[in-house]
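Enquirer: Give me the fold of what follows.
(2 chains)
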Amino acid sequence: EAEVAQSPRYKITEKSQAVAFWCDPISGHATLYWYRQILGQGPELLVQFQDESVVDDSQLPKDRFSAERLKGVDSTLKIQPAELGDSAMYLCASSSDRGGNTIYFGEGSWLTVV
Amino acid sequence: GENVEQHPSTLSVQEGDSAVIKCTYSDSASNYFPWYKQELGKGPQLIIDIRSNVGEKKDQRIAVTLNKTAKHFSLHITETQPEDSAVYFCAATAYNNNDMRFGAGTRLTVKP
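Expert: Sure, this is the predicted structure:
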C-alpha cells in the first residue's frame, strides 16, 4: 500500500536554529498538505499545495515558516528561527483530485525545541 | 469557516462493549466527514468516512451516522477490543474544499 513518507521522524533543535522537514506524497497525488499537531489537539492546516502552487497558506506563520514544492512532487517545510512554541508533530498528507477529499497522512515528524 | 466540536474527550469501556463518539459541525456546506484513528507516535489513519448523500455507513465493527439537519455525526465501534485503544479524530470539509477541520480528539481506552 502506498504511503506518505516523511523525514526525519524525530528532531531536537535549539531555539533560534533552523530546522527542515521533508515529505514525499503518495505517487500521483496532486494535493499536498502540511499540518501541525500540538499534543492533545487535532491537526491544524499550515499550508496546502496543488501541484507546485500554494492554494492556502493563511495559517502559516510566514515570518519564520516557509514551504515549497518546486516540482510538484516532494515538499520541504522549514522553520527559521525555531521557537519553543514550535514543539509539535508536523504531519504531511496528500490526496488525489480523483479521490474526492480522502486525505492520507504520513507518520509525522516530531519536533522538540529546547 | 468550519468549526468541529468532538465529545467526549476521553472514553473508557470494557472489552466487548460499544463505544460512541459524537461530533458537531457548523458549516452547512460541509459534506464530507472522515474519522481518523491515531496511535501513539503515529500519524492519523483513515478508518471510515461518510458523504452527505448517505445517513449511515458501516464497515465490520465500525459505523458512522450523519444527521445533516442537526449538523452532527457519530462514530460507533461495537465489540471493542484492546487494540481499538487510540485517539480518534472526526473532521469535516466541503467537497473540493480541502481545508479540512478536525475535532480535538477522543482518547478511547478499552480495558481487557
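Enquirer: Tell me, how many residues neighbour residue 83?
Expert: I went with chain A, as the question did not name one. Close neighbours of residue A:83, defined as other Cβ atoms under 10 Å in any protein chain shown, add up to 12. In short, each C-beta sits where N, CA and C put it, glycine included.
Enquirer: not quite, I wanted chain B
Expert: Using other Cβ under 10 Å, residue B:83 has 8 neighbouring residues.
Enquirer: where does chain A have low pLDDT?
Expert: Flagging of chain A using pLDDT under 70 yields the residue ranges A:1, A:97-101.
Enquirer: Just give me the residue right at the centre of it.
Expert: Here the mean C-alpha position of chain A is nearest to the C-alpha of residue A:34 (Cα atoms, centre = their mean), at a distance of 2.9 Å.
Enquirer: Quick one: residues contacting that one.
Expert: For residue A:34, the set of contacting residues under the criterion of Cβ atoms under 8 Å, 6 or more residues apart in numbering or on different chains consists of A:23, A:45-48, A:67, A:75, A:77, A:90-92.
Enquirer: can we see that at 7 Å?
Expert: The contact partners of residue A:34, by Cβ atoms under 7 Å, 6 or more residues apart in numbering or on different chains, come to A:46-47, A:67, A:77, A:90, A:92.
Enquirer: Apart from its neighbours in sequence, what residue is nearest the residue of chain A found nearest chain B?
Expert: Distances from chain A to chain B, computed as Cβ to the nearest Cβ, single out residue A:42 as the nearest residue at 3.3 Å. Leaving aside its chain neighbours, residue A:42 sits nearest to residue B:102 (3.3 Å; criterion: Cβ to Cβ, 6 or more residues apart in numbering or on different chains).
Enquirer: That neighbour contacts residue A:41, doesn't it?
Expert: No: Residue B:102 lies out of contact with residue A:41 (Cβ atoms under 7 Å); the separation is 8.4 Å.
Enquirer: between these two, who's got more neighbours?
Expert: Between residue B:102 and residue A:41, counted using other Cβ under 10 Å, residue B:102 has the larger neighbour count: 24 against 14.
Enquirer: what about the residue lying closest to residue B:26 once chain neighbours are set aside, neighbour count?
Expert: Nearest residue to residue B:26, sequence neighbours excluded (Cβ to Cβ, 6+ apart): residue B:3, at 4.3 Å. For residue B:3, the number of neighbouring residues by other Cβ under 10 Å comes to 11.
Enquirer: same thing with residue B:86?
Expert: Number of residues near residue B:86 (other Cβ under 10 Å) recorded here: 21.
Enquirer: and the gap between it and residue A:83?
Expert: 30 Å (Cβ to Cβ, to the nearest Å).
Enquirer: How about residue B:77?
Expert: Computed as Cβ to Cβ, the residue B:77 to residue A:83 distance reads 39 Å.
Enquirer: got it, and residue B:7?
Expert: Counting by Cβ to Cβ, the gap from residue B:7 to residue A:83 is 32 Å.
Enquirer: next one: residue A:56
Expert: According to Cβ to Cβ, residue A:56 stands 23 Å off from residue A:83.
Enquirer: What of residue B:4?
Expert: Following Cβ to Cβ, the distance that separates residue B:4 from residue A:83 is 27 Å.
Enquirer: do the same with residue A:107
Expert: Using Cβ to Cβ, we find residue A:107 at a distance of 24 Å from residue A:83.
Enquirer: How about the residues of chain B by chain A?
Expert: Among all residues of chain B, those adjacent to chain A (criterion: Cβ under 7 Å from any Cβ of the partner chain) are B:32, B:42-44, B:46, B:49, B:89, B:93, B:95, B:98-100, B:102-105.
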